[in-house]
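Undergrad: just need the structure, nothing else, for what follows:
(one chain, ligands or ions: 1)
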Amino acid sequence: MQQVVAVVGGTGAEGSGLAVRFAKAGLRVLIGSRNLDRAQAVASEIAAQAGAGEVIGHTNPDAVSKAAIVILTVPLSAQVDILKSIRTSFLSGAILVDATVPLEIAVGGRLSRTVSLWDGSAAQQAARLAPAGVPVVATFHALSAEALKRIDQLVDCDALICGDNPEAKATVSEIAETIPGVRAIDAGPLDSARFLESSAALLIALNLRHKVKHCGLRITGLGPGEVYP
Ligand SMILES: NC(=O)c1ccc[n+]([C@@H]2O[C@H](COP(=O)([O-])OP(=O)(O)OC[C@H]3O[C@@H](n4cnc5c(N)ncnc54)[C@H](OP(=O)(O)O)[C@@H]3O)[C@@H](O)[C@H]2O)c1
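TA: Now for the predicted structure:
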């Protein structure tokens, strides 16, 4: 069956970048926004760019109410309010994917620094606000919007994946690997999401230092035969 993915904040840079890649891979993609007109306009643009799949614009709650996988791509400053606005809309069995990087810039600080959150990470904050029974998976932090939007190029980056529900992580790994060049790697439980979020800030710092638009993350040494006895 065709996988249905809702992207909450799908009108933004990261959300629309993921959406175009998933549409190109043939998934059914629902673009969520606080504004229906904006969602529909961006959905039409993404459909034209992808030339495949099906892309439809909805308000955030409507998008969530129709999807098995919900990807949250909003700024940290909006994460709590947006989660409260969608928490009653999840389908039974749905998965919430959080891609929030808790950057200091959200509170007037620097782009390449993270802020500490009471829950330990933005993903754990999302888990606290998610409805009971909806597993939260943290990933996509290292996949830059800049790389995603170059739709004829490989995204040369691993997608590290954290979460406490193995089935949810497997499902999200499958959709991550529909993006050409992306390898999904299980990076442990949700309380390790802080490392993924910090590594995204590190990539931003490297972009700034080396004056490049984006750089990716590759983990080596995890292949067959490399298992510690
Ligand atoms: N940009 C990247 O390369 C990248 C990479 C990895 C992870 N991320 C993470 O993904 C999230 C989104 O990043 P982004 O660069 O896509 O941000 P963005 O372009 O600013 O887009 C975010 C979207 O969030 C929605 N939103 C909801 N409440 C908002 C509010 N109070 N203020 C502003 N926007 C609000 C907006 O959609 P509507 O107005 O249509 O509702 C907006 O289009 C962030 O947490 C970021 O750390 C970004």
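
Undergrad: show me where this structure has helices.
TA: Per DSSP state H, the chain carries helices over the ranges 13-24, 36-50, 60-64, 76-86, 122-129, 145-149, 166-176, 193-210.

Undergrad: ranking those by burial, who's on top?
TA: Ranked by mean neighbour count under mean count of other CB atoms under 10 Å, the helices of the chain are led by helix 13-24, which reaches a mean of 25. C-betas here are computed from N, CA, C, even on glycine.

Undergrad: does that helix reach the ligand?
TA: Yes. Shown here: helix 13-24 in contact with the ligand (CB under 6 Å from any ligand atom) through 13-15.

Undergrad: who touches that helix?
TA: With CB atoms under 8 Å, 6 or more residues apart in numbering as the contact definition, helix 13-24 has outside contacts at 5, 7-10, 29, 31, 42, 45-47, 49-55, 71, 73-74, 99, 140, 143-149, 151, 155, 175, 178-179.

Undergrad: so which of the residues you listed also contact the ligand?
TA: 9, 73-74, 99, 140, 144-145.

Undergrad: mind putting those residues into CSV with pLDDT?
TA: Shown next, in CSV, are these (pLDDT from 0 to 100):
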residue, pLDDT
Gly9, 98
Thr73, 98
Val74, 98
Ala99, 98
Phe140, 98
Ser144, 98
Ala145, 98
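
Undergrad: out of those, grab the one that's most surrounded.
TA: Phe140 (30 neighbours; other CB atoms under 10 Å).

Undergrad: how near is that one to Val29?
TA: Separation of Phe140 from Val29 (CB to CB, to the nearest Å): 14 Å.

Undergrad: ok, now Ile56?
TA: The value you get for Ile56 to Val29, if CB to CB is used, is 8 Å.

Undergrad: can you tell me the closest non-neighbouring residue to the spatially most central residue of the chain?
TA: Note on the chain: the residue nearest the mean C-alpha position is Ala99, at 3.8 Å, using CA atoms, centre = their mean. Distances taken as CB to CB, 6 or more residues apart in numbering place Phe140 nearest to Ala99, at 4.1 Å, with adjacent residues excluded.

Undergrad: let me know whether the one you found touches Asp158 as I believe.
TA: No. With contacts counted by CB atoms under 8 Å, Phe140 stays clear of Asp158, the gap being 11.0 Å.
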